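below is the sequence, then the predicted model.
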Amino acid sequence: MNRRDISDDDTGPIRRVTDTPSDRSPGTSRTPRRRPPEGTRPPVERPRPAEPGRRRAAEPKPGPEPKPVGHGHSHGHGPAAPASRRVRRLLMWLLIPLAVATLAGMVLLYPWGKDPAKSVFSQGTPVSATIKATFTGPCLAEGQVQVGEPPPDAKPCLTSELTMTDGPGVGKPLKLTLPIEPSTPRFTAGDEVVLSYNGGDVADPASFQIVDFQRGTPLLLLAGLFALAVIVLGRWRGLAALVALGLSFLVLALFVLPSILAGESPLLVAIAGAGAIMFVALYLTHGLSARTSVAVLGTLVSLILIGVLSAIFSAASSLTGLDDSTSQLIGSLGHGIDARGLLLAGVVIGALGVLDDVTVTQTSAVWELRRANPSLGWRELYGAGLRIGRDHVGSAVNTLVMAYAGAALPVLLYTSLSGVGLGSILGAEEIAQEIVRTLAGSVGIVAAVPVTTVLAALIASREPRESL
């Protein structure tokens with residue numbers, strides 16, 4: 001039996017009329033509601049004395065049926081399924097062109113037929129080796145002998161005896177010496193390291209250089225632990241999230257990086273790549289549904305806002321994007337690159353992960369509120385969802401700020417040693433970049449909450465109950 005709701009103005013958004021008859025006194029001034037059909041009316045109502053005025057108000061009249069007082073929004077009764085179909089068709093008309101535009105952008109921006117970009121400086125061939133022994137002494141070349149005491153200001157060197165485990169000199173011993181500086185890693189016996197081989201004589205130590213530690217095994221163990229935790233908690237949903245994560249990395253490695261290195265606009269490449277990651281990750285993890293489509297739309301609107309704000313304020317702040325890492329990249333490429341576009345691309349991609357979290361959470365919250373009380377209209381859903389979103393915004397913005405601050409911590413420490421004022425520190429190129437990243441991303445996160453919530457409320461309020 002269809003049940004009608006009491007006006008939200010009288011009872012609030014979460015109360016509902018039950019099948020029990022109202023005990024309202026006959027003298028009330030409220031317009032009486034239409035009685036249930038005779039076959040379903042409770043017997044206790046029948047012996048009530050007839051009141052002519054009341055009976056005339058309760059009897060159906062010819063012509064259009066009067067609407068109950070205060071009932072001004074849809075709750076999914078009656079013909080809600082066609083409305084839901086119309087809403088889903090609207091979502092398709094909105095999202096399909098965006099998906100096609102994303103795919104077209106990836107096709108147009110990908111460097112088809114171009115050779116992969118290579119560094120103009122020789123990076124050497126990586127070779128694995130194991131350190132057998134180390135000792136500290138004067139910095140002497142091969143065959144040199146120390147005579148007398150070393151100068152007081154002479155820096156000691158670390159000599160390492162190694163055995164190569166792969167490459168052209170596999171199994172051969174090697175002795176390398178490098179000066180001990182504050183930035184020099186501390187190598188000890190038993191360490192597995194990576195050497196750079198320049199292609200010279202394998203027997204000549206000058207053909208090799210220690211560049212880093214081998215970290216493959218611990219990283220694989222950590223990745224396995226992460227995957228196990230996600231699958232144990234999320235089960236099939238967690239497995240889908242891991243697959244989506246892998247595909248996101250493929251988009252970055254196979255599209256974003258080669259396209260930017262080939263000279264394409266970093267911002268356009270980032271927008272196309274972020275769109276592909278958004279569609280793949282959200283739909284693969286959460287399924288093809290109106291709920292997921294709302295999250296995609298909310299994420300897209302927020303990304304556009306973040307990109308616009310970043311472009312405006314990076315130009316207004318005269319940010320060049322030429323920090324140390326970007327300058328080193330340009331030197332290795334041997335040709336120019338849009339450094340400011342690279343900065344904006346980093347802002348867009350960096351904010352995407354946090355936006356996904358916010359939009360999916362807000363959409364799920366609105367749908368669960370509607371499922372818990374199908375009588376809620378879109379305004380009540382929006383108000384309740386927005387209250388949830390306010391709590392989420394604080395933690396999400398703090399997460400973004402701390403992530404950027406952690407990444408820029410060495411720059412912050414280095415800048416604080418300069419001894420200049422706080423204004424000069426905040427205005428430095430490296431710090432100003434992080435400020436623009438953080439604040440533009442935070443504005444996008446804040447905007448994502450009301451935008452996604454109102455879209456979710458409008459659509460969830462028109463979903464039929466059986467599809468919730």
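On my side now, so go ahead.

mind naming the longest strand for the chain?
For the chain, the strand reaching the highest residue count under DSSP state E is reported as strand 125-137.

which outside residues touch that strand?
Residues from elsewhere that reach strand 125-137 (C-beta atoms under 8 Å, 6 or more residues apart in numbering): 146, 156-169, 173-174, 180, 187-199, 208, 211, 214. The C-beta positions use only the backbone N, C-alpha and C, and glycine is treated the same way.

give me the helices and strands touching the one helix or strand Ile349 maps to, please.
Under the criterion of DSSP states H and E, Ile349 resides in helix 339-372. The helices and strands touching helix 339-372, judged by 3 or more C-beta pairs under 8 Å, 6 or more residues apart in numbering; DSSP states H and E, are helix 266-286, helix 290-316, helix 324-333, helix 378-407, helix 429-460.

okay if I get those as CSV plus mean neighbour count?
Formatted as CSV, the helices and strands packed on helix 339-372 follow (neighbours: other C-beta atoms under 10 Å):
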stretch, mean neighbour count
helix 266-286, 22
helix 290-316, 21
helix 324-333, 13
helix 378-407, 17
helix 429-460, 22
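
turn the ones you listed into TSV, including distance to Arg371 and mean pLDDT.
TSV is the format used below for the helices and strands packed on helix 339-372 (distance: least, C-beta to C-beta, whole Å; pLDDT from 0 to 100):
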stretch	distance to Arg371	mean pLDDT
helix 266-286	16	92
helix 290-316	11	90
helix 324-333	48	82
helix 378-407	11	83
helix 429-460	9	88
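
for Leu342, find the nearest of those helices.
With C-beta to C-beta, the closest approach to Leu342 among the helices and strands packed on helix 339-372 belongs to helix 266-286: 4.4 Å.

name the helices or strands packed onto the closest one?
helix 80-109, helix 216-251, helix 257-261, helix 290-316, helix 339-372.

list the buried residues in stretch 363-371.
363-367, 369-370 (16 or more other C-beta atoms under 10 Å).

and that stretch, how far from the chain's centre?
Distance of stretch 363-371 from its chain centroid, counting by C-alpha atoms, centre = their mean, to the nearest Å, is 21 Å.

who touches that stretch?
With C-beta under 8 Å, 6+ apart as the test, stretch 363-371 has contacts from 291-292, 294-295, 298, 376, 381-382, 384-385, 388-389, 452-453, 456-457, 460-461, 463, 468.

re earlier: can you tell which of the helices and strands packed on helix 266-286 is closest to Leu422?
helix 290-316 (19.6 Å).

for the closest one, packing partners?
helix 80-109, helix 266-286, helix 339-372, helix 429-460.

can you spell out which helices and strands pack onto the last one?
It stands for helix 429-460. Helix 429-460 makes packing contacts with helix 290-316, helix 339-372, helix 378-407, helix 409-416, helix 422-427 when contacts are defined by 3+ C-beta pairs under 8 Å, 6+ apart.

rewinding a little: what's the first helix or strand after the longest strand of the chain?
From strand 125-137 onward toward the C-terminus, using DSSP H and E, the following helix or strand is strand 157-164.

name the helices or strands packed onto that following strand?
In terms of contact count using 3+ C-beta pairs under 8 Å, 6+ apart, strand 157-164 is assigned the packing partners strand 125-137, strand 173-179, strand 192-197.

adjacent strands (with direction) for that strand?
strand 125-137 (antiparallel), strand 173-179 (antiparallel) (DSSP bridges).
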